[in-house]
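> this is a predicted model, with the sequence first.
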Amino acid sequence: MGNGSFSFPVSPDRTLALGEIHARPYALVTAPRVIFQLAFTMEGGSAVHHSVISELSRARGISPPDRDARHHAIPWGQGTLRWERHTEFSTWFWDCPAPEQFGAPIPVHPFGDGFHAPGSLISGIRLEIRPDGQETEAARQVFDPTSLCRSFTKNGQAEILTDFRQNGDGLTQILVIDRGLTQAGTGALAQRLLDIETYRTLAMLGLPLAQTLSPEIRRIEDGLTAVTQRMKAHAREEADAMLGEITRLHAELEANAALSLYRFGASRAYDGIVQERIRTLDEAPVPGFETLGSFLGRRLAPAMRTCQSIEERQANLSRKLTRATGLVRSWIDVELERQNSALLASMDKRANLQLRLQQTVEGLSVAAVSYYIVGLIGYLAKALPHGEDGHGGLDPALVTGASVPLVVLFVWLMVRRIRRHHSGE
């Protein structure tokens, strides 16, 4: 390409986009190893989590992460403490050499008395990776046989055992038996198992909310049924009251839907991650035992279907409430049209009465104006010269009487002309 350089303007998000693909490298793990991962919710905000990891970093003599950092690692003892910030939780990963016995206490770890939890614990995992031997045979006896899951993965290079139950520390125990995994392969397998346990717990958070909303939705459905039954007999008389009741029910439904919108959406997303990680495991069953995928499928899928059912009931109920509102509004519109028709008829009647009154007033006004004009003519006639004995000149009485029909006709014509002019305008 010659000696030229590729000096082009760089998008501000390019570094973030390129770096994200390498942001979560798998830890290189060699058996025997024990891994702890805790997940804490962010009800107090991400600043609390950042403050805790920053304090731990400074205590170990390491620079704290940037305010916007999503990942951070601290060397701790014989392992590494890895912190990662997610949307609504953060994970804290730490590994160290495994003790001689499976599940034996680890005397020194980052999560002791000096550790301040940044939020509520939502997931806790203790994952041990051990080579096949007498220790692993004894470890199998620790798990509950009623819920024990066993499967092979990596073409038989590893065996996975877990009962998804919590030990005395509240941690879910998982055992991986190494039968020839590479360090990178072991780290990738461990990360998938950690993701499965963490995200299946988060996915299940939608179930308690769904169970809480179910009776609320049932109550709103019963309320809508009662209103629609009233509509068949008293739609016109009680339209306003029914519209108020439907509006109240719709407001309650929308409030519940807004409350569950994020939780159910997050549960779907977490469930999708769990299913993707299970497919990536590509498990082969151990005769007589369930695989992780089949076990979680029988327990996680019903919870997800319950959440989906609540969402569908909310959507269907919202459509029914909208149709009921439209029906009641139709009755109200019909009643308003009837009232408007009656009002227009009343206004028309009043207009006719006003017209008749106006015509009466016009008649009286013609007489009144004519009377005054005739009076003026009488005064004018009296002012004209006329004989003292009644002979000669004009007789005022005769002039006044003769002017009456002419004045009345003139005034009537003028009033009629004025009325026509106003009517034209």
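Nice, I can see it.
> pLDDT weak spots in the stretch 251-400 of the chain?
359, 385-394 (pLDDT under 70).
> check the stretch 1-150 of the chain too.
Looking at the stretch 1-150 of the chain by pLDDT under 70, you get 1-5, 16, 18-26.
> quick one: the helices in it?
14-20, 46-59, 134-139 (DSSP state H, counting those that start in this stretch).
> which of those is buried the deepest?
For the helices of the stretch 1-150 of the chain, the largest average neighbour count (mean count of other CB atoms under 10 Å) is found in helix 46-59, namely a mean of 17. For every residue, glycine as well, the C-beta is placed using N, CA and C.
> so what secondary structure elements neighbour that one?
Here helix 46-59 touches strand 71-76, strand 79-85, going by 3 or more CB pairs under 8 Å, 6 or more residues apart in numbering; DSSP states H and E.
> cutoff 10 Å now
On a contact count with 3 or more CB pairs under 10 Å, 6 or more residues apart in numbering; DSSP states H and E, helix 46-59 meets strand 33-41, strand 71-76, strand 79-85, strand 89-97.
> for the nearest residue to residue 320 once chain neighbours are set aside, give its distance to residue 362.
The shortest distance from residue 320 to any non-neighbouring residue, by CB to CB, 6 or more residues apart in numbering, is to residue 224 (6.1 Å). Counting by CB to CB, to the nearest Å, the gap from residue 224 to residue 362 is 62 Å.
> more neighbours, the two?
Under the neighbour definition other CB atoms under 10 Å, residue 224 and residue 362 were set side by side, and residue 224 has more, 19 against 15.
> mean confidence score for the host helix or strand of that one?
Using DSSP states H and E, residue 224 maps to helix 206-234. For helix 206-234, the mean per-residue pLDDT is 89.
> which elements pack onto the helix or strand that it is followed by?
As assigned by DSSP H and E, the chain's next helix or strand after helix 206-234 is helix 239-281. Under the contact criterion of 3+ CB pairs under 10 Å, 6+ apart, helix 239-281 touches strand 149-153, helix 183-203, helix 206-234, helix 292-383.
> do you know which of the helices and strands packed on helix 46-59 lies nearest residue 250?
Of all the helices and strands packed on helix 46-59, strand 33-41 sits nearest to residue 250, with 31.9 Å by CB to CB.
> how far away is residue 273 from residue 307?
From residue 273 over to residue 307 the distance is 15 Å, taken as CB to CB.
> neighbour count winner among the two?
Per other CB under 10 Å, whichever of residue 273 and residue 307 has more neighbours is residue 307, with 26 against 16.
> list the contacts of that one.
203-207, 209-211, 213, 260, 263-265, 267-268, 271 (CB atoms under 10 Å, 6 or more residues apart in numbering).
> then stretch 402-421 to CSV, C-alphas only?
The C-alpha trace of stretch 402-421 is given here as CSV (Å, rounded to 0.1, in the frame of the first residue of the first chain):
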residue,chain,number,x,y,z
ALA,A,402,-105.5,63.1,5.5
SER,A,403,-101.9,62.5,6.5
VAL,A,404,-102.6,59.5,8.7
PRO,A,405,-102.9,56.8,5.9
LEU,A,406,-100.0,58.2,4.0
VAL,A,407,-97.8,58.3,7.1
VAL,A,408,-98.7,54.8,8.2
LEU,A,409,-98.0,53.5,4.7
PHE,A,410,-94.6,55.3,4.6
VAL,A,411,-93.5,54.1,8.0
TRP,A,412,-94.6,50.5,7.2
LEU,A,413,-92.6,50.6,4.0
MET,A,414,-89.5,51.9,5.8
VAL,A,415,-89.7,49.3,8.5
ARG,A,416,-90.1,46.5,5.9
ARG,A,417,-87.1,47.9,4.0
ILE,A,418,-85.0,47.9,7.1
ARG,A,419,-86.0,44.3,8.0
ARG,A,420,-85.1,43.1,4.5
HIS,A,421,-81.8,44.8,4.7
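> got a list of contacts for that stretch?
Outside of stretch 402-421, the residues within contact range by CB under 10 Å, 6+ apart are 358-359, 362-363, 365-378, 380-381, 395, 400.
> repeat that with 6 Å
With contact meaning CB atoms under 6 Å, 6 or more residues apart in numbering, stretch 402-421 is reached by 362, 366, 369, 370, 373, 374, 377.
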